[in-house]
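Student: When you get a sec, could you give me coordinates for this:
(2 chains)
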Amino acid sequence: MMPRLTNSAAVLKHARRRWRRRYWLGVTVSVVLLAVAASNASGRAEATADYTPSTAGYTYGVGAYAWVAEPSGTVLDISGAVATWNGWIGSTRLFAGSTSGCGSSISCIVFANDGTTVTINGTSCAVPQATSGAWATAYIEAGGYKNITCGIGTTTYPLFVVALDDERTFNATQKLHIVRHEMAHGMRLWDENHTCWTSGATYYPLLNNGTFGTCASYPNNTVATTGEINKAKSLNGW
Amino acid sequence: MKKIASFVLLTVAFVLTPTAVLAQSPQVETVRIEVPDLGPERAVEREVTGQLTVLVDGVQCGVLDLNRAGDVSLEISTGAADASCLKPGAEISFVNQHGQPLFERYKVEPGLRIVLTNLAPEPPSENGIQPPSAGTEGLLAHESTDNSFVTWGLIALVGGIGLMAVWARRRTN
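Tutor: Sure thing, here's the model as predicted:
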């Protein structure tokens, strides 16, 4: 039981102490309300977390089905990348390992070291240099629409040749990024000026080739975002 | 003295000779660029290309509108164009409506007539994939421009303090 206070100075002192306690209680409540408001704002951001690639890519893509191959070696994990992309798009559209029928009955994405010559569906093709400063460059031949000349690709069954800069040594993560990113060019996706961002989770656009800002975990952007996958599906009729 | 004079004469002749040769280099009066109708199977290429800007050494010298049906052409001629558009040896390049430079490039020369049938852009990764950088730069908060949480926080802070102050005052009285 609280003692009864009769002295007016003591009453005033007690009241001031109580006021200070309540003031700090008010500040604490405000901080809690602030935290609630902040979490509410970030919750709304997550609803618009992904992005849709908007930059125009090549006019022709792999279309219905494609071989993905690396005839001259096994530097990249082609089978793994093919399985991953098929998993992302939810159907088996890509096949690993062969160049049989490239340009005549199926589209192809062929990886090779720059400056070398590869045999694609029985035809020799000179692989150009990767663009200066680039890890890899994805060329296209689709009939008269071309920036490489191999005499193989057509508008119905385009050929994509990815020239790897053989003067660089890539670690496993970089290889994973290269093969998945360059395959996306065969699906008509282009480099996008989206850098990594946080919105609850952190997003690493696969189509960010590193020139549009870097992020803390770069080059760990090895996974396509949902928006990128949906765009690839719609551009190739999948 | 004669030796010095002949040396000076030879030097002057040596310096002036290339200038004289250059002065004789042929003038370019017109450059004609044609984009023929590529047929229905390649119509999509023209559609995607859209407005095609013609650059000569980086200077805009004309536009071809590939949204128009049939053959499309452009003639760059003296008087009608910037002099640099007809500079012999200058590089002619093209940029499509998406800002992508085309793979095909040419050099300005007398009587040049370009029949452009390849509308493919240069390959991507033009600027290269740069090595990773340390730190957190480039990692963006997706809705960093959304300042609603700051506003709500300030309202909550001011409101909370105000309520508690009123409550404390009443109790004191």
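
Student: What about residue A:70, how many residues nearby?
Tutor: Other residues within reach of residue A:70, judged by other Cβ atoms under 10 Å in any protein chain shown, total 23. In this view, the C-beta of every residue, glycine as well, is placed from N, C-alpha and C.

Student: my bad, residue A:235
Tutor: 17.

Student: show me the contacts for it.
Tutor: A:57, A:61, A:187-189 (Cβ atoms under 8 Å, 6 or more residues apart in numbering or on different chains).

Student: got those as JSON lines, with pLDDT, secondary structure and distance to residue A:73 columns?
Tutor: Shown next, in JSON lines, are these (pLDDT from 0 to 100; DSSP: H, G, I helix; E, B strand; the rest coil; distance: Cβ to Cβ, whole Å):
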{"residue": "A:57", "pLDDT": "94", "secondary structure": "coil", "distance to residue A:73": "27"}
{"residue": "A:61", "pLDDT": "97", "secondary structure": "coil", "distance to residue A:73": "26"}
{"residue": "A:187", "pLDDT": "97", "secondary structure": "coil", "distance to residue A:73": "23"}
{"residue": "A:188", "pLDDT": "97", "secondary structure": "coil", "distance to residue A:73": "27"}
{"residue": "A:189", "pLDDT": "95", "secondary structure": "coil", "distance to residue A:73": "25"}
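
Student: quick check, nearest of the residues you listed to chain B?
Tutor: residue A:57 (7.6 Å; Cβ to the nearest Cβ).

Student: Would you mind giving both backbone torsions of residue B:48?
Tutor: phi -70, psi -40 (degrees, to the nearest 10).

Student: Kindly tell me how buried the closest residue in space to it that isn't next to it in sequence is, as a neighbour count.
Tutor: Among residues not flanking residue B:48 along the chain, residue A:59 sits closest, at 4.7 Å (Cβ to Cβ, 6 or more residues apart in numbering or on different chains). By other Cβ under 10 Å, the residues close to residue A:59 number 22.

Student: Which among the contacts of residue A:235 count as buried?
Tutor: A:57, A:61, A:187-189 (16 or more other Cβ atoms under 10 Å in any protein chain shown).

Student: need these in TSV with distance to residue B:50, can you?
Tutor: Shown next, in TSV, are the buried ones among the contacts of residue A:235 (distance: Cβ to Cβ, whole Å):
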residue	distance to residue B:50
A:57	15
A:61	19
A:187	22
A:188	16
A:189	19
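
Student: and chain B, which of these contact it?
Tutor: residue A:57 (Cβ under 8 Å from any Cβ of the partner chain).

Student: out of the buried ones among the contacts of residue A:235, who's nearest residue B:78?
Tutor: residue A:57 (38.9 Å; Cβ to Cβ).

Student: give the contact list for residue A:64.
Tutor: If you count contacts by Cβ under 8 Å, 6+ apart, residue A:64 has them with A:93, A:236-237.

Student: Could I get the residues you listed in CSV, plus columns for pLDDT, secondary structure and neighbour count?
Tutor: Putting the contacts of residue A:64 into CSV (pLDDT from 0 to 100; DSSP: H, G, I helix; E, B strand; the rest coil; neighbours: other Cβ atoms under 10 Å in any protein chain shown) gives the following:
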residue, pLDDT, secondary structure, neighbour count
A:93, 97, coil, 21
A:236, 95, helix, 20
A:237, 94, coil, 9
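
Student: Provide the backbone phi and psi angles at the closest residue to residue A:147 other than its chain neighbours.
Tutor: Spatial nearest neighbour of residue A:147, chain neighbours left out: residue B:103 (3.9 Å); criterion: Cβ to Cβ, 6+ apart. Backbone torsions for residue B:103, taken as degrees, to the nearest 10, come to phi -70, psi -40.

Student: swap in residue A:51?
Tutor: phi -130, psi 160.

Student: And for it, the neighbour number?
Tutor: If you count neighbours by other Cβ under 10 Å, residue A:51 ends up with 18.

Student: Check the one 3 residues further on too.
Tutor: Using other Cβ under 10 Å, the number of residues around residue A:54 comes to 12.

Student: Return the distance of it relative to chain B.
Tutor: As judged by Cβ to the nearest Cβ, to the nearest Å, residue A:54 and chain B stand 10 Å apart.

Student: ok, residue A:96 - contacts?
Tutor: A:67-69, A:78-79, A:82-83.

Student: Just list whatever residues bridge to it.
Tutor: Here residue A:96 shows beta-bridge partners residue A:68, assigned using DSSP bridges.

Student: Equivalent analysis for the one 10 residues further on, please.
Tutor: When bridges are taken as DSSP bridges, the partners of residue A:106 come out as residue A:102.

Student: Just give the closest residue to residue 94, not the sequence neighbours.
Tutor: You didn't pick a chain, so chain A it is. residue A:82 (4.7 Å).

Student: try chain B instead
Tutor: The nearest residue in space to residue B:94 (Cβ to Cβ, 6+ apart) is residue B:102, at 4.2 Å.

Student: In this structure the one you found contacts residue B:123, no?
Tutor: No - using Cβ atoms under 8 Å, residue B:102 makes no contact with residue B:123, being 11.4 Å away.

Student: in chain B, which helix or strand is least confident?
Tutor: Every helix and strand of chain B was ranked by mean pLDDT, DSSP states H and E. The lowest is strand B:140-141, at a mean of 46.

Student: Can you classify the residue nearest to the spatial centre of chain A by secondary structure?
Tutor: Central residue of chain A (Cα atoms, centre = their mean): residue A:206, 1.4 Å from the mean position. What DSSP: H, G, I helix; E, B strand; the rest coil gives for residue A:206 is coil.

Student: Against residue B:43, how distant is it?
Tutor: 31 Å (Cβ to Cβ, to the nearest Å).

Student: picking up where we left off before, please spell out the ChimeraX selection for the buried subset of the contacts of residue A:96.
Tutor: Remark: buried members of those, expressed as a ChimeraX selection using 16+ other Cβ under 10 Å:
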select /A:67,68,69,78,82
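
Student: follow-up on the earlier one: pick out whichever of residue B:102 and residue B:123 has more residues nearby.
Tutor: residue B:123 (25 against 19).

Student: Please confirm that that one is located within a strand.
Tutor: No - Residue B:123: not assigned to a strand; according to three-state DSSP it is coil.
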